[in-house]
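Peer 1: give the three-dimensional model of this entry:
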Amino acid sequence: MASSQQYVPVHVGVEFSNELARREAEQHRAQRLRQKQALVLQKENILSQRTSNPARRNALEAALEQIEAQIAELN
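Peer 2: Below is the predicted model of the structure:
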């Protein structure tokens, strides 16, 4: 009597799980890389701005500190 279930070796499921985990890890790594690149661009933009206004300068310095902290978290 033939069974309606097919035999699937256990290692096939393990390989599928490993591939899925690898893909998820790669997506996560790529997302972190994109975030870091965006933060670096923001940092470069802030560093390129020149102002003599003390309030504006303080705001830029605060933004720069925040961005550098976020970059450090991603590393």
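Peer 1: give me the pLDDT for the spatially closest residue to Q35 that is not a sequence neighbour.
Peer 2: Nearest residue to Q35 in three dimensions, chain neighbours excluded: L74, at 6.1 Å (CB to CB, 6 or more residues apart in numbering). All C-beta spots, glycine's among them, are computed from the backbone N, C-alpha and C. For L74, the model assigns a pLDDT of 88.
Peer 1: how close does L74 get to R50?
Peer 2: 28 Å (CB to CB, to the nearest Å).
Peer 1: same deal with N75?
Peer 2: 28 Å.
Peer 1: can you tell me the closest non-neighbouring residue to the residue nearest to the spatial centre of the chain?
Peer 2: Geometric centre of the chain, nearest residue: R32, 1.1 Å, by CA atoms, centre = their mean. Residue nearest to R32 in three dimensions, not counting chain neighbours: L74, with 5.5 Å by CB to CB, 6+ apart.
Peer 1: looking at it, that neighbour is touching K36, isn't it?
Peer 2: Yes. Contact criterion CB atoms under 8 Å: L74 and K36 qualify, at 4.9 Å.
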